[in-house]
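[1] One predicted model, sequence on top.
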Amino acid sequence: GATALAAHFDATIAHDQRIEPRDWMPDGYRATLVRQIAQHAHSEIIGMQPEGEWITKAPSLRRKAILFAKVQDEAGHGLYLYSAAETLGIDRSELTERLLAGRQKYSSIFNYPTLSFADVGVIGWFVDGAAICNQVPLCRSSYGPYARSMVRICKEESFHQRQGYELLLTMMRGTEQQRAQVQDAVDRWWWPSLMMFGPPDDDSPNSAQSMAWKIKRHSNDELRQRFVDMTVPQAERLGVTLPDPELRWNEERGHHDFGTPDFSELMRVIKGDGPCNAQRMERRTKAHQDGAWVREAAAAHAAKNRGEEGS
Ligand code: FAQ
């Protein structure tokens, strides 16, 4: 009966085994996964916009080819993630409707503008770096299809991060103006990148249950700390300053101390009031409308094929 199914679910989680689509799961577990995976998928797709703007303005053919490939990878990540969400019994078209109606979120980070080509490098370094810190543990998430989608995504994100860092190393070997552009991009993206990890643990309503279900493996603050510790030596090697006067190594803790991000800004951006929210949603909506004929043609083609098979 129902209690036996619940006991089996609890035992699967306790033994660090995977929940698969055919398994019984609590409604709350399913709803949390749909929320997180859909939000993650939407972020990948909307996340194509800030860097995508620079494809036509890249400074060389080589940089254009690299950026084009990276942005395409993000489309691929969005698609694997929508497929993972669909194993939970929800349709991708329904998830897209929810995003466009403002009923589902996407990452706050993609609501900031990209003002120079250095921003492309800093997005790779910080935003993909933060994505790696957050997503490597998700490879061990309790839901099988989500965890497996993360393996390939993380490999591609590490390549993206190196791409960004290499771009910045090149700019730092360039002119005074290029070095100033890199520092300016670092100053603008540092705090929003720290906000990607979500609200502080005391103020994170979903964390406790998600960690009990082993959907999340670490808390928001733990991952934020891991990102800071990883990034500080990279900043030193690059020769830029992270814009935080409180940033220093704490020998006792074995971690860096750092200042508190402005979480009221995070909440404003999540609620729709960031510098680029309106533009991002407008473009996403237009892309969806412009794609209507493709969806109709694909559906007509599938219907025709089914008809031919039947005859
Ligand atoms: N932005 O209780 P918590 C990428 C919401 S990487 C917007 O702590 P949770 C790669 C949260 O949803 C970016 N909303 O929530 C790339 C919740 O609202 P809800 C995508 C945020 O779920 C790189 C409320 O605040 N990565 O795309 C944010 O336990 C470069 C309370 O928060 C992922 O989605 C935020 N920053 O923890 C692409 C990773 N933070 O849903 C292109 C998977 C919090 O109840 C270029 N997701 N909220 O209405 C996660 O790990 C988690 O969902 C967290 C939030 C950590 C984001």
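    Sure thing, it's come through. Numbers count the residues shown, from 1 in each chain.
[2] For the rest of this, base every contact and every neighbour count on C-alpha atoms.
    Will do.
[3] for the ligand, what are the nearby residues on the stretch 151-300 of the chain?
    Among all residues of the stretch 151-300 of the chain, those adjacent to the ligand (criterion: CA under 6 Å from any ligand atom) are 195-199, 204-207, 220, 270.
[4] Among those, which one sits closest to I66?
    Proximity of these to I66 (CA to CA) peaks at M196, which lies at 24.5 Å.
[5] so the closest one sits right up against S108, yeah?
    Yes: taking contacts as CA atoms under 8 Å, M196 lies within contact range of S108: 6.6 Å.
[6] more crowded one of those two?
    For M196 versus S108, the count of surrounding residues by other CA atoms under 10 Å is larger for S108: 26 against 19.
[7] Report the contact partners of that one.
    By CA atoms under 8 Å, 6 or more residues apart in numbering, the contact list for S108 reads 192, 195-196, 266, 269-270.
[8] Quick check: it vs E51, distance?
    Distance check for S108 against E51: by CA to CA, to the nearest Å, it reads 15 Å.
[9] Kindly report the same for A298.
    Distance of A298 to E51, computed by CA to CA: 29 Å.
[10] Which members of the contacts of S108 occur in helices, if any?
    Cross-referencing these against helices under DSSP state H gives 192, 195, 266, 269-270.
[11] what's the most distant pair in the residues you listed?
    Top of the distance list for the ones in helices among the contacts of S108 (CA to CA): P192 and I270, 11.6 Å.
[12] More neighbours: which of these two?
    Neighbours per residue (other CA under 10 Å) separate P192 from I270, with P192 holding more: 23 against 17.
[13] picking that back up, more neighbours: which of A298 and E51?
    For the pair A298 and E51, the greater number of neighbours falls to E51 (21 against 12), based on other CA under 10 Å.
[14] What strand or helix carries that one?
    When secondary structure is defined using DSSP states H and E, the element that contains E51 is helix 48-52.
[15] Please work out which residues outside that helix touch it.
    Contacts to helix 48-52, defined as CA under 8 Å, 6+ apart, come from residues 67-68, 71, 74-75, 110, 112-114, 120, 280.
[16] Stretch 248-263 too?
    Residues external to stretch 248-263 that are found in contact with it (CA under 8 Å, 6+ apart): 191-192, 194-195, 199, 225, 228-229, 244-247.
[17] From those residues, list just the buried residues.
    Burial by neighbour count, 16 or more other CA atoms under 10 Å: within the contacts of stretch 248-263 this picks out 191-192, 194-195, 199, 225, 228-229.
[18] Rounded mean pLDDT for the helix holding E51, please.
    Averaged over helix 48-52, pLDDT sits at 98.
[19] chain center to that helix: distance?
    From the chain centre to the centre of helix 48-52 is a distance of 13 Å (CA atoms, centre = their mean, to the nearest Å).
[20] repeat for stretch 130-150
    Relative to its chain's centre, stretch 130-150 lies at 11 Å (CA atoms, centre = their mean).
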